[in-house]
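Engineer: Predicted structure and sequence below. I'll ask about it afterward.
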Amino acid sequence: MSNIIVAESLKTSDASISSSIDDAKVKSKPTDQPTDKSIVSVANGQPSQSTGDSSDILSQSLVLSDLIFGIYAIELWTYDEATGKLSNVSLGSRDEETGQRGGGGGLLLKRRTQETDPDNDYSTSEALDAFSKLTDPSRRDFLPASPTDPGVGLPGVLWAEQSSSTLGAGVNRMRHNPLLHSSGPHIGGGGRGFHSHDSVFWRDVGELADDPDQPYDERLQSFAKAGFNLAAGIPFDTNGYRGIVIYFGNPHANFEKLRHPANSKFMNNAAQLIAAAAAIQDPMEQVKAFREEVSYQNWHKMKIKLLTMLRFGGTLRRTAKKQADMTSRPKVEKRSSIARLREKSSRLRNDTNATLNEVKESAKNRVSRWLKKVQGGSAGIPPSFSYRQCLWTFIGVMTTHTILSRINLLIQTESDGDLDLILAPIGALTTLQYNLTAAPASQPRNAIFAQIFAVTIAILLSYIPNAEPWFRSALAPAIVIPGMALLGIIHPPAGAAAIVFSSGKFRWEHFGIFLSGVVISIITAVGINNMSDKRQYPTSWYLLNKAKINLSK
């Protein structure tokens, strides 16, 4: 028993001396260096205060972001040229021992959203659960900020929407949206004004999460449920260190103040400062490691001496504490079975009343939401593409249809006009491939399987005796469209193909030629889309990945 007490006291002494040494280091440092302000980081879903040392430039730059009006949180993502993915940079408080930054999944929380504040009327259990998934690493269903492809998830969408021409200047010339776009005229004193390149484009996160043309991303869904309903991306390029800073805005704040030119300009400049500070972190850590190595031996000797002096004192304190704990144990009060029964009955009544109130409130909220939906949503106009992205779309569509048109001409010539390649549904396919590159409906799996399903149904319907063409053209899409939804292969061009092939003018030979045209369009889309660092096509080779998993088992 005494050996255990001595061992535990040594551990306690080690921790006490380590703390004393750290305090001594701080006191021995020169006093002419400025003291950092505290910054807010996420720890298990709660904003917590942590103080960085004077050489932590990233922490100092994050302190300045407290001056931005109406933001909930910040994320920093960098673009990896080698992998073509966006990787998160943690902005949380830094661990003193490891030097690594922690935090809730890469999210630097300035304040909780109103939906996740238990004292707020907007708070809901669904929002609290989604917030916990984003910020609590101890949960089994925790959602870390994993690397993502351009166009996938919130950082991927915001990154893909930036104009490549703005990266060198470090500004955000976003697409125009009359509801969410932030810009301003010349204001303020001293002859200073705010220009269009200081504008910030706010995206509706809930609208992105509900967009069927966006690939499903659980982290994006959780952001929308947790009340992070506004997001703005500021691109940066610091000596090749490229990426995007994401601000999460408060949708309940005064939007005129949120998009005020002064606030927007400060957001842009703060993002560039945060990015520059993040870029210098590795060189800074190397310099700090070098300086600590020089003084390590002296502090180590002092630690050994102090441990020797306080070892027995720690043993005595530990023993006295255990004795005090043993004498102060509370006595367990025995209650009668009747008292316990009354308590359980009261608790049951309270739970029943709470459940009824919750059901009433839920029904009331459902009716209220239904009435709001009937009045129409508040979604803004979809943002337009930049000129550079439109050029990529032009090149891809022109290349694809030039190849297909020449093949169609060759088939018609060789078959004396008996066969041809049906190009109309493929025009719809290329629209998806080059304008909604990351959408699930654009992916090769959906394109191939949906077209096979749709055309097969349409041709089989032509064998129904005495079925009029007008009836087949209505029945074919009525079967194909919900069928695609049931099979999980939604692909709008397949609905058009079902109508075309249900006319009875086309045979199985046309089906084979048409399917070959679909495959050619996929090959050209893969080659051209991936030349742009704003696009990723496909987002996944589903069948190949599944085959690899099966082979590895």
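Structural biologist: The structure has been received and is ready for your questions.

Engineer: tell me, how many neighbours does Ile448 end up with?
Structural biologist: 18 (other C-beta atoms under 10 Å). For every residue, glycine as well, the C-beta is placed using N, CA and C.

Engineer: whoops, Asn353 was the one
Structural biologist: 10.

Engineer: Okay, and it sits in which element?
Structural biologist: Taking DSSP states H and E as the criterion, Asn353 maps to helix 337-374.

Engineer: so how far is Pro212 from Val287?
Structural biologist: According to C-beta to C-beta, to the nearest Å, Val287 and Pro212 sit 50 Å apart.

Engineer: The two: which has the busier surroundings?
Structural biologist: Set Val287 next to Pro212 and count neighbours by other C-beta under 10 Å: Val287 wins out with 12 against 9.

Engineer: May I have the predicted confidence score for that one?
Structural biologist: For Val287, the pLDDT comes out at 78.

Engineer: Would you confirm that it belongs to a strand?
Structural biologist: No. Val287 is assigned helix when assessed by DSSP: H, G, I helix; E, B strand; the rest coil, not a strand.

Engineer: Just give me the residue right at the centre of this structure.
Structural biologist: Geometric centre of the chain, nearest residue: Leu154, 4.1 Å, by C-alpha atoms, centre = their mean.

Engineer: what's the residue nearest to that residue when sequence neighbours are not counted sitting at in phi/psi?
Structural biologist: Closest residue in space to Leu154, ignoring its immediate chain neighbours: Leu220 at 4.9 Å, by C-beta to C-beta, 6 or more residues apart in numbering. Per-residue torsions, Leu220: phi -60, psi -40 (degrees, to the nearest 10).

Engineer: separation between Leu220 and Met267?
Structural biologist: Relative to Met267, and taking C-beta to C-beta, Leu220 is found at 21 Å.

Engineer: what does Pro283 give?
Structural biologist: 26 Å.

Engineer: Repeat that for Glu361.
Structural biologist: Glu361 is 37 Å from Met267, by C-beta to C-beta.

Engineer: Compare neighbour counts for the two and give me the winner.
Structural biologist: Neighbour count, other C-beta under 10 Å: between Glu361 and Met267, Met267 has more, with 26 against 10.

Engineer: ok, which stretches of the chain are strands?
Structural biologist: Listed in chain order, the strands of the chain (DSSP state E) span 38-43, 46-51, 71-80, 85-89, 108-109, 181-182, 200-204, 230-238, 241-249.

Engineer: so the fourth one versus strand 71-80, what angle?
Structural biologist: Orientation check (axes from the mean of the first three to the mean of the last three C-alpha atoms, to 10 degrees): strand 85-89 against strand 71-80 gives 130 degrees.

Engineer: Run through who's touching strand 85-89.
Structural biologist: Under the contact criterion C-beta atoms under 8 Å, 6 or more residues apart in numbering, strand 85-89 has outside partners 75-80, 105-106, 145-150, 155-156, 159, 243-244, 278.

Engineer: Tell me the buried residues within those.
Structural biologist: By neighbour count, with 16 or more other C-beta atoms under 10 Å, these hold 75-79, 105-106, 145, 148-150, 155-156, 159, 243-244, 278 as buried.

Engineer: What's opposite Trp202 in the beta bridge?
Structural biologist: Ala232 (DSSP bridges).

Engineer: Can you pull out the low-pLDDT segments for the chain?
Structural biologist: 1-56, 93-105, 162-198, 297, 301, 308-321, 323-336, 377-382, 553 (pLDDT under 70).

Engineer: ok so, going back, to Tyr542, which of the strands of the chain lies closest?
Structural biologist: Shortest distance between Tyr542 and those, using C-beta to C-beta, is found for strand 85-89: 18.5 Å.

Engineer: In that closest one, which residues are buried?
Structural biologist: Under 16+ other C-beta under 10 Å, the buried positions of strand 85-89 are Lys85, Leu86, Ser87, Asn88, Val89.

Engineer: contacts for stretch 242-249?
Structural biologist: 68, 70-79, 81, 86, 89, 154-155, 158-159, 162, 167, 200, 202, 205, 223, 228, 230-236, 258, 267, 271, 274-275.

Engineer: hmm, try it at 6 Å
Structural biologist: Here stretch 242-249 makes contact (C-beta atoms under 6 Å, 6 or more residues apart in numbering) with 70-79, 158-159, 202, 228, 230-235, 258, 271, 274.

Engineer: cool, and stretch 136-151?
Structural biologist: 44-45, 85-88, 105-106, 133-134, 155-156, 159-160, 219, 222, 437-438, 534, 536.

Engineer: can you rerun that using 7 Å?
Structural biologist: 44-45, 75, 85-88, 104-106, 132-134, 155-157, 159-160, 218-219, 222, 437-438, 533-536, 539 (C-beta atoms under 7 Å, 6 or more residues apart in numbering).

Engineer: quick one: which of the residues you listed sit in helices?
Structural biologist: Among the contacts of stretch 136-151, DSSP state H puts Ser132, Lys133, Leu134, Pro155, Gly156, Val157, Trp159, Ala160, Glu218, Arg219, Ser222 in helices.

Engineer: can you redo those residues as a markdown table with distance to Ile452?
Structural biologist: Below are these laid out as a markdown table (distance: C-beta to C-beta, whole Å):
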| residue | distance to Ile452 |
| --- | --- |
| Ser132 | 43 |
| Lys133 | 38 |
| Leu134 | 40 |
| Pro155 | 35 |
| Gly156 | 30 |
| Val157 | 30 |
| Trp159 | 34 |
| Ala160 | 30 |
| Glu218 | 30 |
| Arg219 | 33 |
| Ser222 | 35 |
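
Engineer: Weed out the non-buried ones from those residues.
Structural biologist: By 16+ other C-beta under 10 Å, the ones in helices among the contacts of stretch 136-151 give Ser132, Lys133, Leu134, Pro155, Gly156, Val157, Trp159, Ala160, Arg219, Ser222 as buried.

Engineer: show me the contacts for the fifth one.
Structural biologist: Spelled out, it's Gly156. Counting by C-beta under 7 Å, 6+ apart, Gly156 has contacts Leu86, Thr148, Asp149, Pro150.

Engineer: Same check on the last one?
Structural biologist: Contacts of Ser222 were listed using C-beta under 7 Å, 6+ apart, and they are Ala130, Lys133, Leu134, Leu143.

Engineer: Arg291: which of the residues you listed is nearest?
Structural biologist: Leu134 (36.5 Å).

Engineer: thinking that closest one is in contact with Leu109, fair?
Structural biologist: No. Applying C-beta atoms under 7 Å, one finds Leu134 not in contact with Leu109, separated by 9.2 Å.

Engineer: Let me have the buried residues of strand 85-89 in a markdown table, adding distance to Pro482 as columns.
Structural biologist: As requested, those are arranged in a markdown table below (distance: C-beta to C-beta, whole Å):
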| residue | distance to Pro482 |
| --- | --- |
| Lys85 | 36 |
| Leu86 | 36 |
| Ser87 | 40 |
| Asn88 | 39 |
| Val89 | 44 |
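
Engineer: Thr402: how many residues sit nearby?
Structural biologist: Thr402 - counted by other C-beta under 10 Å - has 11 other residues nearby.

Engineer: Kindly provide the distance from the residue nearest to Thr113 when sequence neighbours are not counted to Phe248.
Structural biologist: Take Thr113 and drop its neighbours on the chain: the residue closest to it by C-beta to C-beta, 6+ apart is Gly227, 3.2 Å away. Separation of Gly227 from Phe248 (C-beta to C-beta) stands at 9 Å.

Engineer: Same check on Leu421?
Structural biologist: Taking C-beta to C-beta, one finds Leu421 at 48 Å from Phe248.

Engineer: Over to Thr83?
Structural biologist: 26 Å.

Engineer: Which one's more surrounded, the two?
Structural biologist: For Thr83 versus Phe248, neighbours defined as other C-beta under 10 Å are more numerous around Phe248 (26 against 10).

Engineer: That one bridge partners, please.
Structural biologist: Ala73, Ala231.

Engineer: From what I see, Ala498 and Gly483 are in contact.
Structural biologist: No. Contact criterion C-beta under 7 Å: Ala498 and Gly483 do not qualify, at 9.6 Å.

Engineer: Neighbour count: the two, which is higher?
Structural biologist: Per other C-beta under 10 Å, whichever of Ala498 and Gly483 has more neighbours is Ala498, with 31 against 17.
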